[in-house]
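Undergrad: Dropping the sequence and predicted coords here.
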Amino acid sequence: MTIDHQPRFGPLEGVRVLDLTIALAGAFSTMLLADLGAEVLKIESIQHYPTPTKGPRNPLRGDDPVSLSASRDYPDMDPGEDPWNRLSWFNAQARNKRDVTMDLTRDRGREIFLQLVERSNGLVENNPPGLLEKLGLGPEVLLERNPGFVIVRMPPLGLSGPDSATTGFGWHFEDLGGFLRVQGYSDGEEVGSIFMDGASGPAGANAFLMGLMHSRATGEGGVCEVAQVENMICHIGDLVMDAAMNCRVPTRWGNRSPDFAPQGVYRCVGEDNWVVLTVRDEVEWSGLRAALDDPLALAARELATVEGRRANHDKIDAVISAWTAGRDKIEVFLLLQSHGVPAGPVLDEQDASSDPHLHERGFFQLLEHPSAGVHLHAGPNFQMSKTPLKLWRAAPTLGQDNEYVYKELLGATQEEYADLVADGHIGDTYL
Amino acid sequence: MQPLSGILVLDLTEWVAGPYCTKLLADYGARVIKIERPGGDPERGMGPFPGDRIDRECSGSFLHLNTNKEGVVIDASVAEGAAILKALVSRADIVVESFRPGALAEWGLAPDDLIVANPSLVVTSVTPFGQHGPYRDMVMTEIVAFAMGGPMNASGNAEREPMRLVGNVVQMQSGATACVATLAALMYAQAGGVGQHVDVATFETQNGSLDRRRYYLLSYEYSGTVAQRSTAVGAGRPAAGGRFEGADGVQVTTGRIWPDHVGRMVAVLGDERVARLWADKGLTVMAEHAQEINMAIAQWVSSRTARDAMREAQAGGWPVVVVNDPLRLLDDDHLRARGYWVDAPHPVAGTLPYAGPPFRVVNGGWSLRRTAPTLGQDTERVLAELADVDGDRFTALRAEGVVA
């Protein structure tokens, strides 16, 4: 195996992060850091198959009790001989990261890990509470080896408090976090939010960077805690204000808005094609009317105010729906925007993958993966003028960077390397 | 000492995404000067309001988004206002702005020029579609952000229209993402004196979010398939499970019961009939005997408080949690024990509970030092301190409406 060298790029060039994350939330945090130029080392063990991160081990044989992913998440719907290297939800977040193996349950593996701690700025993990301690790698142990080490931990309910050991899935924490009682159709049908992991990504990266600033300023590292539910609640802080000010559960508005009218989702020509729009003020209301060629039904004086439009929302929706029904969603979007109306097509993955704006901005880049092949990948979530960001490599296969980490970073000789292979620390397939 | 103590941020943002970014900077210790146009940030007109009466000093969303900021009103569209802004920029470490692309340049405040004048300055633009590209002049609201950023196409009931996420969560996530990029650029500027312009587009923060559009995009690349709305939460899963009411009238949820957890559930319930069914039939009981199992869960939950049911089930390895809504969150036992809610006074809105730290940096790092500014609350003091505008000059500028 050849050694890939990460190009120097990004504002975090020279920062090294150990990645002990599982599934999505923590992995999204380290992806953001990798996209900013940090070197992210995903730590794995060939003894431990990480189902929440890499999907079922043998998806075709169906011998996993729970299939966490569907065949559509594999290239050409084929999990192949090495499904763990071919799963979209790992490969979508692990591009720009490195992958190294060691057995953290044995002393020799722990010592290798601690040598990496000495050479790194910090780690991110979102394992069940207490896992680091169980491995003998609690914060005190890590800080003894590297006093400036930044340890980001992401337990759903935090590290303290009566329910800190609580476990569950996304839908548990959305309900605990107050989302499901206010989200969904206005007639009461609830809609799961699929939001917590997305919100946790930036929170973990922010916690890491602030921890690193603190460490650089004081020489003192330590634990940064992302209680994922608390972070999620910050994103509905406005709704909690409603509860606090008015002593009520906020109204379930569906696709409408408490502040604006009209706002909604309107069907366009074709199967499952929709456009959304919002009218925030009188100028945008005039724009909407003009885009619709000033229909008589929208000319009534009472519709000139938001209160009037809210009172007649159903009627307005009927006019808009009749107009969108025979039109293409992109055509409607462009026309409404040209009249200054906030509007957008509901874009599915096919639409987004061919979106001219995203392409002109260079959001997508082609990457070649050793097992999955050549595909378009979504790039960094932001752009920078002086330190341009890039995708330098597709997601690593298991242990793809063992030579780099053991030989270049840790200085292992060929003999030592061979011995670590024989001893089950270095490998490129799960046992 | 907070992580961002000593950092000066000039906040030229409005609405939701940009202000959430600067809220994070302010809440973790940066000094954030929020510049508002005459009349103020339009978010001041957005609810919730006490008693649902519009009062631009009592907007719940504005209060949430602008904690720890100082408030200054300057009209940047007139030359004298722009000149004052320039003076403030020369002292700043970070400028965050959310105007339509090109607006700053029209006022003589183009990001590149600001960085030439102050080489280590980080300018972050948080806008709907970014600084370049065919959609750059377009406008966006929360529902547009989710429709175009996704996966709204896969959110909701397949038989009904796609459903947006609640509140303003997509735009706040954009702001949190902007904060990541801004902090990284700040560290780079601190290390080598090189500032830069950071371009954050909500269209991209959402298409690039891992929950879940980012991996849906790669799945599409891999297999040509797109994600679909489901018919209901839990569709295709065993039918047993759901929400159940405790003795105190509060509900718990089991969510979908994962196959790995069924044995633990049976042990926790201690119901002989359910245990026998489980021993005889295994996992198939979840679908075939859903009603009996749900009755057993209901009976078990109803004989203890919801919180006790959650704790006993969790102790047995069965994921059950209490069901909250935004009102119940304020009384959540765990959040209160962690001191999550912070009561703080505001000169007009009075004392309200504010959401606490989204994350805790070594030793905490977060604090609520003050609530959101009233319109122009700090104009006179800040301009005297940081822009050498005071006395007669300030009075004259105020009379002309350049500052307020």
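TA: Arrived safely, thanks for sending.

Undergrad: Average pLDDT for stretch B:155-166, rounded please.
TA: Taken as a whole, stretch B:155-166 has a mean pLDDT of 95.

Undergrad: mind checking the longest helix of chain A?
TA: As assigned by DSSP state H, the longest helix anywhere in chain A is helix A:196-218.

Undergrad: Does that one reach chain B?
TA: Yes: Helix A:196-218 comes into contact with chain B (Cβ under 8 Å from any Cβ of the partner chain), by way of A:196-199, A:201-207, A:209-216, A:218. (Each C-beta comes from the backbone N, C-alpha and C, glycine too.)

Undergrad: Can you tell me what sits against the next helix or strand after that helix?
TA: Using DSSP states H and E, the next helix or strand after helix A:196-218 towards the C-terminus is strand A:222-225. Applying Cβ atoms under 8 Å, 6 or more residues apart in numbering or on different chains, the external contacts of strand A:222-225 come out as A:139, A:143, A:150-155, A:158-159, A:207-208, A:210-211, A:214-215, B:359-363.

Undergrad: following the helix or strand of chain B with the lowest mean pLDDT, which helix or strand shows up next?
TA: None of the helices or strands of chain B scores lower by mean pLDDT, DSSP states H and E than helix B:285-288, at a mean of 90. Counting by DSSP H and E, the next helix or strand C-terminal to helix B:285-288 is helix B:290-302.

Undergrad: Check the separation of the first and last residues in stretch A:359-368.
TA: 18 Å (Cα to Cα, to the nearest Å).

Undergrad: how about it: buried residues?
TA: A:R361, A:F363, A:F364, A:Q365, A:L367 (16 or more other Cβ atoms under 10 Å in any protein chain shown).

Undergrad: and for that stretch, what are the contacting residues?
TA: By Cβ under 8 Å, 6+ apart, stretch A:359-368 touches A:95, A:353, A:358, A:374-379, A:383, A:390-391, A:393-394, B:130, B:132-134, B:201, B:204, B:207-208.

Undergrad: Show the buried residues in these.
TA: A:95, A:353, A:358, A:375-379, A:383, A:391, A:393-394, B:130, B:133, B:201, B:204, B:207-208.

Undergrad: Just the ones in helices from these, please.
TA: Among these, DSSP H puts A:S353, A:L358, B:E204, B:N207 in helices.

Undergrad: Where does pLDDT dip in the chain?
TA: Looking at chain A here, since you left the chain open. A:1, A:61-70 (pLDDT under 70).

Undergrad: that's the wrong chain, I meant chain B
TA: In chain B (pLDDT under 70), the answer is B:231-238.

Undergrad: And it, what are its domain boundaries?
TA: B:8-212+B:341-400, B:243-327 (automatic domain parsing).

Undergrad: Please apply the same query to chain A.
TA: If you go by automatic domain parsing, chain A breaks into A:16-234+A:359-422, A:263-267+A:274-345.

Undergrad: now, of these, which is deepest in the fold?
TA: Ranked by mean neighbour count under mean count of other Cβ atoms under 10 Å in any protein chain shown, those are led by domain A:16-234+A:359-422, which reaches a mean of 21.

Undergrad: Quick check: end-to-end length of that one?
TA: Taking Cα to Cα, the first and last residues of domain A:16-234+A:359-422 lie 28 Å apart.

Undergrad: And the contacts of stretch B:262-277?
TA: Identification of contacts with stretch B:262-277 by Cβ under 8 Å, 6+ apart yields B:254, B:257, B:278, B:283, B:285-286, B:289, B:292-293, B:296-297, B:299-300, B:312-313, B:316-318.

Undergrad: if I read this right, B:V72 contacts B:L375, doesn't it?
TA: No: the criterion here is Cβ atoms under 8 Å, and B:V72 misses it with B:L375 at 9.9 Å.

Undergrad: tell me the contacts of A:Q263?
TA: Contacts of A:Q263 (Cβ under 8 Å, 6+ apart): A:N255, A:R256, A:S257, A:V276, A:L277, A:T278, A:V279, B:T141, B:I143.
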